[in-house]
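> What would the 3D arrangement of this be:
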Amino acid sequence: MGFHSTAGVTNLSDLTIDVDKDWDGKRIENLGTPDSDDDAVARGLVGDIYSSDFGLNWEDLGVIFSDMANAMMYLGSGIVILGDFYKYIYRSTDYGATWASLGIIGSGNTRSMAYLGNGIALLGNEDTHIYRSTDYGATWSDVGVVATDVIWSMAYLGNGIVICGEENTHVYRSTDYGVTWTDIGAITVDPVWTMAYLSSGVALIGDELSYVFRSTDYGATWSGLGQVGSGGCFAIAYLGSGIAIMGGYDGHVYRSIDYGATWPDVGEITSSGINKMAYLGNGIVILGDGAKHVFRSTDYGITWADIGAIASGAIYTMAYLGNGIVVLGEYEHVHRSTSAFQLWE
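Just a heads-up that it's a prediction; the model follows:
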């Protein structure tokens with residue numbers, strides 16, 4: 001048994017990434033070389049591979065597509081799906097290192113995505129259709145018209161239940177893994193911009209006028225919580241144990257510790273809009289803004305550090321791939337945080 005570094009590895013598909021790991025049991029902030037074999041066993045590092053970076057440093061992987069990335073999701077086993085403003089869908093099978101174009105899926109831009117497990121994935125489109133894959137995003141079929149306008153947001157709630165939100169304030173719900181859909185009604189005040197599933201049937205949605213709504217029955221019914229902030233609710237991330245954070249165009253982060261029931265203001269994090277958030281486990285969360293910057297918190301969203309201008313354009317999408325690997329999309333480029341892999345075996 002012993003430690004060795006695999007820094008500089010480019011073929012991530014050769015690595016076994018444990019995407020189902022219970023990160024609550026790990027001390028990600030302390031991934032230095034174990035002092036001994038006993039120390040490695042005590043810290044639970046044996047047989048696992050990690051990146052010690054977790055959104056701190058970024059590598060530009062170059063031009064991948066022809067416009068701005070606007071949606072991204074991770075399907076496990078190194079498979080990532082990305083949609084751009086030119087209506088094209090791209091797929092990576094090596095943790096975002098390389099990408100293949102799947103062509104145009106539908107007649108509008110893909111604005112939302114959700115992974116439902118077991119290779120089943122959904123795309124929500126500007127053409128009001130939902131598209132469905134059962135082979136980890138390799139091929140797609142048209143479910144048909146689901147909404148009356150752009151499908152801005154989507155979230156999977158488990159047990160085959162998935163919800164989506166549209167421009168015209170309605171929420172739609174499926175209980176059969178996205179095959180058929182029911183219109184729940186006009187829930188929000190303005191377009192439904194973001195959705196998130198917390199746990200035990202609790203889900204959240206935020207709209208363009210900063211109104212937040214909460215469901216405790218897997219999206220069947222919704223209660224209004226009023227306005228949170230003033231810049232629209234554009235991103236929600238669930239950090240576990242009832243902790244959720246939300247951001248919008250006012251640049252503030254709002255943080256709930258009661259499963260989304262109340263939302264104290266953490267403060268202004270950026271002078272630009274907050275477009276996307278991703279939770280990396282063990283209290284580490286990142287967000288991307290409209291001014292090209294990535295911000296990072298290591299204390300469950302209480303305090304934030306500006307990592308700098310990572311992108312050359314606004315950051316609208318990102319995905320966490322497990323074990324410290326993060327990818328984000330911007331104008332034409334994909335960036336990835338994967339440096340300094342460490343393995344103990």
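> Check which element follows the one helix or strand residue 63 maps to along the chain.
Residue 63 belongs to strand 59-74 when assigned by DSSP states H and E. Reading on from strand 59-74 to the C-terminus, the next helix or strand found by DSSP H and E is strand 80-84.
> what's the angle from that next one to strand 59-74?
Here strand 80-84 points in a direction 100 degrees away from that of strand 59-74 (axes from the mean of the first three to the mean of the last three CA atoms, to 10 degrees).
> Strand partners (parallel or antiparallel) of strand 80-84?
Strand 80-84 has these partner strands in its sheet, going by DSSP bridges: strand 59-74 (antiparallel), strand 88-92 (antiparallel).
> I'd like the distance from the shortest one to the chain centre, please.
Pointing back at strand 88-92 there. 16 Å (CA atoms, centre = their mean, to the nearest Å).
> if we look at that strand, which residues are touching it?
64-66, 78-84, 98-105, 110, 123, 137-138, 140 (CB atoms under 8 Å, 6 or more residues apart in numbering). (Each C-beta comes from the backbone N, C-alpha and C, glycine too.)
> where exactly do the helices run in the stretch 1-150 of the chain?
Listed in chain order, the helices of the stretch 1-150 of the chain (DSSP state H, counting those that start in this stretch) span 37-42.
> for it, which spans come out with low pLDDT?
1-37, 39-41, 43-52 (pLDDT under 70).
> Next, please give the residue ranges for the strands of it.
3-5, 48-51, 59-74, 80-84, 88-92, 100-104, 110-117, 120-125, 129-133, 141-145 (DSSP state E, counting those that start in this stretch).
> so how far is stretch 311-320 off the chain centroid?
Centre to centre, stretch against its chain (CA atoms, centre = their mean), the figure for stretch 311-320 is 11 Å.
> who's in contact with residue 290?
Taking CB under 8 Å, 6+ apart, one finds 249, 272, 273, 275, 314, 315 in contact with residue 290.
> gap between the strand holding residue 63 and the chain center?
Per CA atoms, centre = their mean, the centroid offset for strand 59-74 relative to its chain is 14 Å.
> Tell me the confidence at residue 220?
pLDDT, residue 220: 98.
> How about the one 3 residues further on?
Predicted confidence (pLDDT) for residue 223: 98.
> how many neighbours does it have?
11 (other CB atoms under 10 Å).
> Quick check: residue 272 touching residue 251?
Yes - in this structure, residue 272 is within contact of residue 251 by CB atoms under 8 Å, at 6.2 Å.
> Among those two, which residue is more densely surrounded?
residue 251 (19 against 16).
> what's the spacing between the more buried one and residue 140?
36 Å (CB to CB, to the nearest Å).
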